[in-house]
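In: based on what follows, work out the 3D shape:
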Amino acid sequence: MNRMIVANLVHRPLRSLISVIAIAVEVTLILVIVGFSLGMLNDAKQRQAGIGADVIVQPPSSSFLAGITGAPVPIKVADVLRKLAHVETVAPVIMQLNTTGAVEVIYGIDLKSFENLRSGPFRFLAGGPFTGPDTALVDDYYADTNHVHVGQTITILNHAVKVAGIVEHGRGARKFLPIQTLQDWIGAQGKASVFYLKLDNPDNAALVVNEIKSVPGLQNYKVLPMREYLSMMTAGNLPGFNTFIDVVIGVAMVIGFIVIFQAMYAAVMERTREIGILKSMGASKFYIVDSILRETMLLAVAGTALGIVISYVVSDAIRARFPTLPVSIQGNWVGYAVIIAIVGALLGSVYPAFKAAQKDPIDALAYE
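Out: I've put the predicted structure just below:
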């Protein structure tokens with residue numbers, strides 16, 4: 001039977017190749033899009049961890065994703081936080097979401113307090129700190145991708161600024177401005193989006209959180225130890241992420257289902273006489289169904305393998321060309337993609353297989 005199945009596929013190479021490519025596209029679609037989404041989330045998580053804070057304080061009703069809520073609270077809150085026990089440094093940061101050209105969050109920072117957090121001073125790969133209100137710092141990923149050098153003028157939020165320094169990536173944002181500059185640009189003078197706290201001992205985070213929540217006026221603020229905050233940065237907590245993934249999987253399955261259904265249905269129609277010969281020689285309905293399903297399985301396995309290879313090649317190419325767009329293909333999602341592709345292909349072949357099994361051998365032998 002296996003030899004017959006392989007011979008059938010080789011006999012129609014173009015149709016077999018199209019089926020394999022369609023399943024490969026299905027697998028690639030799932031792995032690359034899901035990998036891109038997870039990669040962006042993991043990258044944001046790593047950059048938040050790289051800030052080096054022990055506690056994060058966010059305004060009431062703010063999203064757990066830093067940078068989404070703008071600058072809604074007075075920066076004077078930092079003065080209140082500095083007076084609390086165990087607090088050594090408070091770094092106010094103003095954040096602005098920018099969707100021009102790319103989705104990114106711009107940080108306005110007080111350089112001194114930001115560098116006093118646990119991660120320490122920026123590691124400058126070129127240039128140095130801000131030299132004025134209209135200067136900026138960028139990380140090495142952004143600089144490499146956009147061919148930016150120290151002293152060059154770039155546009156941030158429709159304002160021209162000069163690059164004062166290029167820093168090592170992993171400290172929250174990819175572009176940094178003086179905090180007052182960003183406040184003036186977005187009309188949020190004297191306000192901040194978030195406060196990062198460094199404590200005398202990270203183990204005192206729970207004590208400080210409780211103390212902040214007992215301060216009049218701060219009871220409704222979102223205050224979390226940084227470890228807990230980072231643990232919340234998962235796909236399940238990202239608004240709309242699971243729905244987006246379900247849509248991607250649904251579209252991918254439809255692609256695989258339709259292509260396999262069309263290919264196997266056409267194959268059954270073309271093999272009417274061959275099926276009649278098999279049945280006249282004693283082949284059972286189960287034998288006919290089994291042969292069709294095995295043929296589908298072979299196409300699915302070949303397409304899945306090709307899709308996995310293409311996905312890794314595409315992810316490597318994206319990382320090499322666009323370091324700021326990480327793609328994280330995880331092993332569990334490779335397994336999910338394999339199962340989805342094979343199940344979708346088998347479902348697409350069920351009807352053609354049973355239609356072939358129901359053919360009358362006499363009518364099939366008389367078919368021209």
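
In: what's in contact with stretch 212-222?
Out: Val55, Val57, Gln58, Pro59, Pro60, Ser62, Phe64, Val77, Val80, Leu81, Leu84, Val223 (Cβ atoms under 8 Å, 6 or more residues apart in numbering). No exception for glycine: its C-beta is placed from N, CA and C like everyone else's.

In: got the end-to-end distance for that stretch?
Out: End-to-end distance for stretch 212-222: 10 Å, by Cα to Cα, to the nearest Å.

In: so for it, mean pLDDT?
Out: Per-residue pLDDT over stretch 212-222 has a mean of 90.

In: what's the answer for stretch 348-359, then?
Out: pLDDT averaged over stretch 348-359 gives 72.

In: over to stretch 327-341?
Out: In the prediction, stretch 327-341 has an average pLDDT of 86.

In: list the buried ones in it?
Out: For stretch 327-341, burial by neighbour count (16 or more other Cβ atoms under 10 Å) applies to Val327, Ser328, Ile329, Trp333, Val334, Tyr336, Ala337, Val338, Ile340, Ala341.

In: these in helices, which ones?
Out: Cross-referencing those against helices under DSSP state H gives Trp333, Val334, Tyr336, Ala337, Val338, Ile340, Ala341.

In: how about these in JSON lines, adding distance to Pro92?
Out: Output for those, formatted as JSON lines (distance: Cβ to Cβ, whole Å):
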{"residue": "Trp333", "distance to Pro92": "38"}
{"residue": "Val334", "distance to Pro92": "42"}
{"residue": "Tyr336", "distance to Pro92": "42"}
{"residue": "Ala337", "distance to Pro92": "44"}
{"residue": "Val338", "distance to Pro92": "48"}
{"residue": "Ile340", "distance to Pro92": "46"}
{"residue": "Ala341", "distance to Pro92": "49"}
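
In: which of those sits closest to Ile249?
Out: Of all these, Ile340 has the smallest distance to Ile249: 6.2 Å, by Cβ to Cβ.

In: would you confirm that the closest one contacts Val248?
Out: No. When contacts are counted by Cβ atoms under 8 Å, Ile340 is not listed as touching Val248 (10.3 Å).

In: so where do the helices sit in the stretch 201-350 of the chain?
Out: 205-213, 226-231, 241-270, 272-280, 285-321, 331-357 (DSSP state H, counting those that start in this stretch).

In: out of these, which is closest to Val103?
Out: Comparison of those against Val103 by Cβ to Cβ identifies helix 241-270 as nearest, at 14.4 Å.

In: is Val87 in a bridge, and if so with what?
Out: Using DSSP bridges, the beta-bridge partners of Val87 come out as Leu199.

In: residue contacts, it?
Out: Neighbours of Val87 in contact, by Cβ under 8 Å, 6+ apart: Leu81, Leu197, Lys198, Leu199, Asp200, Val208.

In: could you measure from the most centrally placed residue in the chain over to Leu197?
Out: Centrality entry for the chain: nearest residue to the mean C-alpha point is Ser37, 1.3 Å, by Cα atoms, centre = their mean. Separation of Ser37 from Leu197 (Cβ to Cβ, to the nearest Å): 30 Å.

In: buried among the contacts of stretch 212-222? Need that as a selection in PyMOL.
Out: Here is the PyMOL command that selects the buried residues among these (16+ other Cβ under 10 Å):
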select buried, resi 55+57+58+59+62+77+80+81+84+223
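
In: export the contacts of stretch 212-222 as CSV, with columns for distance to Asp140.
Out: Formatted as CSV, the contacts of stretch 212-222 follow (distance: Cβ to Cβ, whole Å):
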residue, distance to Asp140
Val55, 28
Val57, 29
Gln58, 28
Pro59, 31
Pro60, 36
Ser62, 29
Phe64, 27
Val77, 32
Val80, 36
Leu81, 32
Leu84, 36
Val223, 32
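
In: I'd like the contacts of stretch 212-222 laid out as CSV, including secondary structure and distance to Thr100.
Out: What follows is those, written out as CSV (DSSP: H, G, I helix; E, B strand; the rest coil; distance: Cβ to Cβ, whole Å):
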residue, secondary structure, distance to Thr100
Val55, strand, 32
Val57, strand, 29
Gln58, strand, 25
Pro59, coil, 25
Pro60, coil, 29
Ser62, coil, 23
Phe64, coil, 24
Val77, helix, 30
Val80, helix, 35
Leu81, helix, 33
Leu84, coil, 39
Val223, strand, 32
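
In: now, among the contacts of stretch 212-222, which is nearest to Thr243?
Out: Closest to Thr243, out of all of the contacts of stretch 212-222 and judged by Cβ to Cβ, is Phe64, at 17.6 Å.

In: and the pLDDT at the closest one?
Out: 61.

In: can you pull the buried residues of the strand or helix carrying Phe176?
Out: For Phe176, the host element (DSSP states H and E) is strand 175-178. Neighbour-count burial for strand 175-178 flags Lys175, Phe176, Leu177, Pro178 (criterion: 16+ other Cβ under 10 Å).

In: what's around the nearest residue to Val327 once chain neighbours are set aside, how many residues?
Out: Of all residues not flanking Val327 in the chain, Ser315 sits nearest, at 3.9 Å (Cβ to Cβ, 6 or more residues apart in numbering). Neighbours of Ser315 under the rule other Cβ atoms under 10 Å: 21.

In: quick check: Ser315 touching Val32?
Out: Yes. Using Cβ under 8 Å, Ser315 is in contact with Val32, at 6.6 Å.

In: what residues do the two have in common as contacts?
Out: Val327, Ile329.

In: can you tell me the helix or strand for Thr181?
Out: According to DSSP H and E, Thr181 maps onto helix 179-186.

In: what do you get for Phe195?
Out: Following DSSP H and E, one finds Phe195 within strand 194-199.
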